[in-house]
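Asks: 3D, please:
(one chain, ligands or ions: 1)
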Amino acid sequence: AQILQKKKKKMPLPHAVLITYPTAGQLNPMLQLAQLLHSQGFYITFVNTEFGYRQLLRGNASLDALFGRFNRSSFRFVSIPDGICESDLQGPGYLLNVWFSIVRNCPAALHELLLELNSSPDVPRLTCIITNFLVTFPRDVADRLGVPELVFWTTSACGLMASLHVRELVRRGYVPLKDESCLTNGYLDTAIDWIPGMKDIRLRDISSFIRTTDRDDFYLKEEMEEADYALKSQGLILNTFEGMEGEVLDALRGFFPRIYALGAIGSLIDQISGSAATTTPMRLGSWDEEEEEDRRCAEWLEAQQRGSVVYVSFGSITTLTRDELAEFAWGLAESGRPFLWVVRPGLVEGGIEALPGGLVEETKGRSLLVKWCHQGKVLSHPAIGVFLTHGGWNSMMESVARGVPMICWPGFADQYTNCRYACKHWGFGMEIEEEVRRGQVTEVVREALEGEKGEEMRKKAMEWKEKARRAAAEDGTSFTDLARLANDLTQLTT
Ligand code: UDX
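Replies: As a prediction, this is how the structure comes out:
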């Protein structure tokens, strides 16, 4: 392992090793959790794969810029070889390439690192290991070292609860699907009323990985294995809060011995650091490029009217077909409303060049296209009226924390569950149908910005923002869960 921080004398601090998966949706919340535990007096070793670490360094002027006033003598970054090369990142199969490369190359390196850390006189004794839910291989070594291992499940509690029941869906014969027609013949609308803590959901609201006719489907099996892995952990950390998902959290307590709900995790950092820290550490381009993108976004947003802009982003891994891209593009254009759209490299084959010719001309003065932005800052801007999102959980929580209503177009995994809850239970969301059509995009955008439904969603979004603020405030549920987590982690090892 490449240890990037100078070795320090042994200190009597509790020592948490946090292991992330290297995509923005996993890395961002894990870094936030690291910041939180560090603020509670923990020595942190943050383990990334080399690929993730390179991205982190590239997108930040320096590690100091990342952590500002946090004391780096008790926070260090470590990377382990993952064997990911440039060619793995090309083409539609890149996510699987990354996954397989990590699974092939990282377990041994990680085991070695943990053993080394545990016996090193230069760092405090290991107190706990916290893994991302996609990193399902450090348990053996954690057991061997006698160190508790907790899982940070970075989706919603309802998303997790649905995932936990995929095995039961298979057992009861709902999954795999009998044939392809089940995708379109209404079968996915079958009500699922027996998952504890979850109401008003259908088969289609459960992780997209159940939409297969193959019992041995890779994603289906992975989904079940990740859930099994989490179930055997000594504790579960979530980026949600009691006021938002209390019913599901209560039901989850039947499955996990210890649950810590720290959401909205960004708000908790703001509370603890005493300022509105809008750090989004994972960037796709270089520092300079992205500073320039941030400046363009800020300037453009300043020129827009309050609450008038549609912010469009589909997260860090969702992909669109060229047809879907064109439907969104023309739907937005025809809405006549200003929009800021993140068209990241890889979103669609051909990148930003794949946008329909004439779109920029047609929407001149009211559209801004960027490759990546500082989402926290953009969502905080008063010009933003609505967020057109894929419903990734980080995006949703970032939007909730800022009181921005959402238009959801889920793409895969937990995003369907998040979308259902946003529209049906939390009241701040509207949905765009799976087969996206420009007419519907136009209609929903106008309704969300100016219609009655939009008014209702804005009201709800502001209520949720206030609830999120209260959860993160001193004595709020997320604030006290953080203190409980810090306390339990030190108790578990003694
Ligand atoms: C993944 C899964 O796809 C999602 O289903 C799951 O809920 C979380 O993990 P991802 O698809 O990348 O995540 O979406 P999301 O959870 O929204 O995370 C994206 C992150 O990238 C957010 O923290 C967002 O702020 C950040 N981002 C996105 C930027 O900083 N800039 C951008 O331009 C776009």
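Asks: how about the residues of the stretch 301-450 of the chain that lie near the ligand?
Replies: 313, 315-318, 342, 372-373, 375, 392-395, 398, 413-415 (Cβ under 6 Å from any ligand atom). All C-beta atoms are positioned from the backbone trio N, CA, C, and that covers glycine.
Asks: Just the buried subset of those residues, please.
Replies: For these, a neighbour count by 16 or more other Cβ atoms under 10 Å gives the buried set as 313, 315-318, 342, 372-373, 375, 392-395, 398, 413-415.
Asks: Among the residues you listed, which lie within helices?
Replies: Taking DSSP state H, the ones among these that sit in helices are 375, 393-395, 398, 415.
Asks: Tell me which two in the residues you listed are the farthest apart.
Replies: 375 and 415 (16.1 Å; Cβ to Cβ).
Asks: List the contacts of the closest residue to residue 379 other than its chain neighbours.
Replies: Sequence neighbours aside, residue 402 is the residue nearest to residue 379 in space, at 4.6 Å (criterion: Cβ to Cβ, 6 or more residues apart in numbering). Contacts for residue 402 (Cβ atoms under 8 Å, 6 or more residues apart in numbering) come out as 379-380, 465.
Asks: quick check, nearest of those residues to the ligand?
Replies: The ligand has its nearest neighbour among those in residue 379, at 8.1 Å by Cβ to the nearest ligand atom.
Asks: same question for the strand or helix carrying that closest one, mean pLDDT?
Replies: Element membership of residue 379, judged by DSSP states H and E, is helix 375-380. The average pLDDT within helix 375-380 is 94.
Asks: Roughly how far does residue 12 sit from residue 41?
Replies: To residue 41, residue 12 is 10 Å away according to Cβ to Cβ, to the nearest Å.
Asks: okay, these two: which has more neighbours?
Replies: Set side by side, residue 12 and residue 41 show more neighbours around residue 41, with 11 against 8, by other Cβ atoms under 10 Å.
Asks: would you say the more buried one is within a helix?
Replies: No: the assignment for residue 41, made by DSSP: H, G, I helix; E, B strand; the rest coil, is coil rather than a helix.
Asks: who touches the residue in the stretch 301-450 of the chain positioned nearest to the ligand in this structure?
Replies: Relative to the ligand, the nearest point of the stretch 301-450 of the chain is residue 392 (2.3 Å; Cβ to the nearest ligand atom). The contact partners of residue 392, taken as Cβ under 8 Å, 6+ apart, are 25, 315-316, 318, 415, 418.
Asks: 10 Å instead, please
Replies: Residue 392 makes contact with 24-25, 154-155, 313-318, 398, 410-415, 418 under the criterion Cβ atoms under 10 Å, 6 or more residues apart in numbering.
Asks: where does it land on pLDDT?
Replies: pLDDT recorded at residue 392 is 98.
Asks: switch to numbering from 43
Replies: Okay, residue one is now 43; in that scheme the one you just asked about reads as residue 434.
Asks: ok, stretch 85-100 near the ligand or not?
Replies: No: using Cβ under 6 Å from any ligand atom, we find that stretch 85-100 stays clear of the ligand, coming within 11.6 Å at best.
Asks: how long is that stretch end to end?
Replies: Start and end residues of stretch 85-100 are separated by 25 Å (Cα to Cα, to the nearest Å).
Asks: Distance from the chain centre to that stretch, please.
Replies: 17 Å (Cα atoms, centre = their mean, to the nearest Å).
Asks: May I see the buried residues of that stretch?
Replies: Result for stretch 85-100 [16+ other Cβ under 10 Å]: buried residues 85-95, 97-99.
Asks: For the ligand, state which of the residues you listed is nearest.
Replies: After measuring those against the ligand - Cβ to the nearest ligand atom - the closest member comes out as residue 97, at 11.6 Å.
Asks: Would you double-check that the closest one falls in a helix?
Replies: Yes: inclusion of residue 97 in a helix is indicated when three-state DSSP is applied.
Asks: Residue in the stretch 143-292 of the chain with the shortest distance to the ligand?
Replies: Counting by Cβ to the nearest ligand atom, the stretch 143-292 of the chain gets nearest the ligand through residue 197, at 4.4 Å.
Asks: Test my guess that that residue contacts residue 460.
Replies: Yes: in this structure, residue 197 is within contact of residue 460 by Cβ atoms under 10 Å, at 7.5 Å.
Asks: out of the two, which sits in the busier spot?
Replies: Neighbour count, other Cβ under 10 Å: between residue 197 and residue 460, residue 460 has more, with 29 against 26.
Asks: what's the closest non-adjacent residue to the more buried one?
Replies: residue 433 (4.4 Å).
Asks: what bridges to residue 58?
Replies: residue 86, residue 170 (DSSP bridges).
Asks: residues in contact with it?
Replies: 75-76, 79-80, 82, 84-88, 166, 168-172, 189, 192, 527-528, 531-532.
Asks: Show the buried residues in those.
Replies: Buried members of the contacts of residue 58, counted by 16+ other Cβ under 10 Å: 75-76, 79-80, 82, 84-88, 166, 168-172, 189, 192, 527-528, 531-532.
Asks: rewinding a little: just want the phi and psi numbers for the residue of the stretch 143-292 of the chain closest to the ligand.
Replies: phi -100, psi -170 (degrees, to the nearest 10).
Asks: wait, doesn't residue 496 sit right on residue 448?
Replies: No: with contact defined as Cβ under 10 Å, residue 496 does not count as touching residue 448 (11.2 Å).
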